[in-house]
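**Q** just need the structure, nothing else, for what follows:
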Amino acid sequence: MAGRHPGLLRATLLLLSGGVLAQALPLLLGPWLGRLYSPGEFGHYTVFAAVAANLAVIACGRYDFALPLERDETLARDLMALCLRLLVATVVLSGLVAVALVIWRAPAYWAWLPLAVATAGALQWLTLWVTRAQRFGALSTSRFVQYGGGALAQVAGGLAQLGTAGLVIGPLLASAAALGGLLRPAPLGGWSSLWRGADGGWRAAARKHREFPLLNTPHAFAGALQDTLAVALVAAWTGDAAAGFWGLGLRYLKAPASLVGSAVSQALYPRLVNASPDDALAAVRGVMVTLALMAVPLVLVLMLFGPDLFALAFGEPWREAGTLARALAPYIGLHFVAAPLAVVTLAWRAQAWALKLALVGQVLFLGALLAGLRLGGLVAGAWCVSAAMLLYFSWYFWSLATWKKVPDVDAA
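**A** Presented below is the predicted three-dimensional model:
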């Protein structure tokens, strides 16, 4: 990857350096958080975060992911105006959901749902805007504020004995602060032009990129729904504490994938959009091999030392989360490789194929989890998930590595 794609490597390393700093604080503060909050409180927060993610991931109708494809500044501005309108509509919808939940006597922290959706949705939208401009330094700084600040705020909430509300409010405040670094460059005509939209260009942008809401939105929503349903199954079958083990375990197990994956994908996406078919395919294969070599040690460490590591880091009450981590280790390694590759089918205009395959994967994931829960509880469910995902991701990686229809940008 370094020899043939130096620009991709430099951008990835810049984003990765910021990501390392961003994840350092959550990882260092994790043991403290494990002692400030109970497994049950983490279980409640995991449910809240899953619901908020389900709404935030589709907040802009996935039109934000079309931004790196749009080279004309006027058309990009129209696309931004469309994203803003859809974000506002989604926040209003989430506010109605929050009101309904509070009326039905849900815990008070559910009132924060619309703000959580607003900040997460805006952060995703502006991240793609800045990715289009390839301002990777700004992305790196924003990620540090988001993840590092979120962990610090959660510690403050724990010290103030806010319970689950402390876990909810911390990431929300940090995400809001992270937005400040993503406001440059301003769209053509300035930020105020997005809402005026006098020429109605956002409607034309909606028609031009309609495959994103039609194909990518169901894909993204189903992916987030998988996490929500998985938490619901775990909580219903084995209780709030087990949901806490699941939530905290995946939070830290997926941290490396989040760190490396977002850095690689943000650098890879614009590269694939502007690459020849041969270069694009070579870049994807190189990323796969590099990530696979990084994933193997992670999997081995979790399988050999998972329970002891979690007990040492978070306290003895969290040892069961380490046993869960051991069972999920193969899945975590596969997810580490797959996480950055979601942008490949966006760049290659293969969203219909990606949606169909993802739906198959989500059925396999939830079916394996449910079968394992019925057979032997939480740990058995985790082993079944790892086995099912090994089959699924093996097919996915092979398909991308041998892709026959890479778009030719020169011909276009």
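**Q** what's the helix or strand Arg271 falls within packed up against?
**A** Following DSSP states H and E, one finds Arg271 within helix 255-273. Using 3 or more CB pairs under 8 Å, 6 or more residues apart in numbering; DSSP states H and E, the elements in contact with helix 255-273 are helix 6-36, helix 113-132, helix 136-143, helix 277-314, helix 319-338, helix 342-347. Where you see a C-beta, it was placed from the backbone N, CA and C, and this is true even at glycine.
**Q** now those helices as a markdown table including mean neighbour count, distance to Leu159 and mean pLDDT?
**A** Supplementary listing: those in a markdown table, determined by neighbours: other CB atoms under 10 Å; distance: least, CB to CB, whole Å; pLDDT from 0 to 100:
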| stretch | mean neighbour count | distance to Leu159 | mean pLDDT |
| --- | --- | --- | --- |
| helix 6-36 | 18 | 7 | 71 |
| helix 113-132 | 23 | 21 | 95 |
| helix 136-143 | 22 | 25 | 84 |
| helix 277-314 | 17 | 17 | 91 |
| helix 319-338 | 23 | 22 | 94 |
| helix 342-347 | 22 | 37 | 87 |
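**Q** of all these, which one is nearest Ala176?
**A** Ala176 lies closest, by CB to CB, to one member of the helices and strands packed on helix 255-273: helix 113-132, at 4.8 Å.
**Q** quick one: the closest one to helix 255-273, angle?
**A** Per axes from the mean of the first three to the mean of the last three CA atoms, to 10 degrees, the angle that helix 113-132 makes with helix 255-273 is 50 degrees.
**Q** circling back: figure out which of the helices and strands packed on helix 255-273 is closest to Phe212.
**A** Across the helices and strands packed on helix 255-273, Phe212 has its closest neighbour in helix 342-347 (8.4 Å, CB to CB).
**Q** residue contacts, Val97?
**A** Contact analysis of Val97 by CB atoms under 8 Å, 6 or more residues apart in numbering lists 55, 113.
**Q** which strand or helix spans it?
**A** Using DSSP H and E, Val97 sits within helix 73-103.
**Q** quick one: buried residues of that helix?
**A** Residues 75-87, 90-91, 94-95, 98 are the ones in helix 73-103 that count as buried (16 or more other CB atoms under 10 Å).
**Q** could you check the angle it makes with helix 113-132?
**A** Using the same axes, to 10 degrees: helix 73-103 against helix 113-132 is 160 degrees.
**Q** doesn't Ala49 make contact with Trp110?
**A** No - with contacts counted by CB atoms under 8 Å, Trp110 stays clear of Ala49, the gap being 11.9 Å.
**Q** before we move on, the earlier item: the helix holding Arg271 vs helix 319-338, what angle?
**A** 10 degrees.
**Q** on that earlier part again, out of the helices and strands packed on helix 255-273, the one nearest Pro171 is which?
**A** Pro171 lies closest to helix 113-132 among the helices and strands packed on helix 255-273, at 7.7 Å (CB to CB).
**Q** what's the distance between the residue nearest the centre of the chain and Thr46?
**A** Nearest to the geometric centre of the chain sits Ser258, at 6.9 Å (CA atoms, centre = their mean). As for Ser258, its distance to Thr46 is 16 Å (criterion: CB to CB, to the nearest Å).
**Q** ok, now Ala371?
**A** Going from Ala371 to Thr46 by CB to CB gives 22 Å.
**Q** do Ala206 as well
**A** Distance of Ala206 to Thr46, computed by CB to CB: 34 Å.
**Q** ok, these two, which is more surrounded?
**A** Thr46 (27 against 18; other CB atoms under 10 Å).
**Q** now do the contacts for that one.
**A** Listed by CB under 8 Å, 6+ apart, the contact partners of Thr46 are 231, 243-244, 246-248.
**Q** of the residues you listed, buried ones?
**A** Buried among these (16+ other CB under 10 Å): 231, 243-244, 246-248.
**Q** for this structure, which spans come out with low pLDDT?
**A** 1-22, 197-199, 259, 408-412 (pLDDT under 70).
**Q** more neighbours: Trp110 and Ala49, which one.
**A** Taking other CB under 10 Å, Trp110 and Ala49 do not tie; Trp110 has more neighbours (24 against 21).
**Q** disregarding residues adjacent in the polypeptide, which is nearest to that one?
**A** Spatial nearest neighbour of Trp110, chain neighbours left out: Leu101 (4.5 Å); criterion: CB to CB, 6 or more residues apart in numbering.
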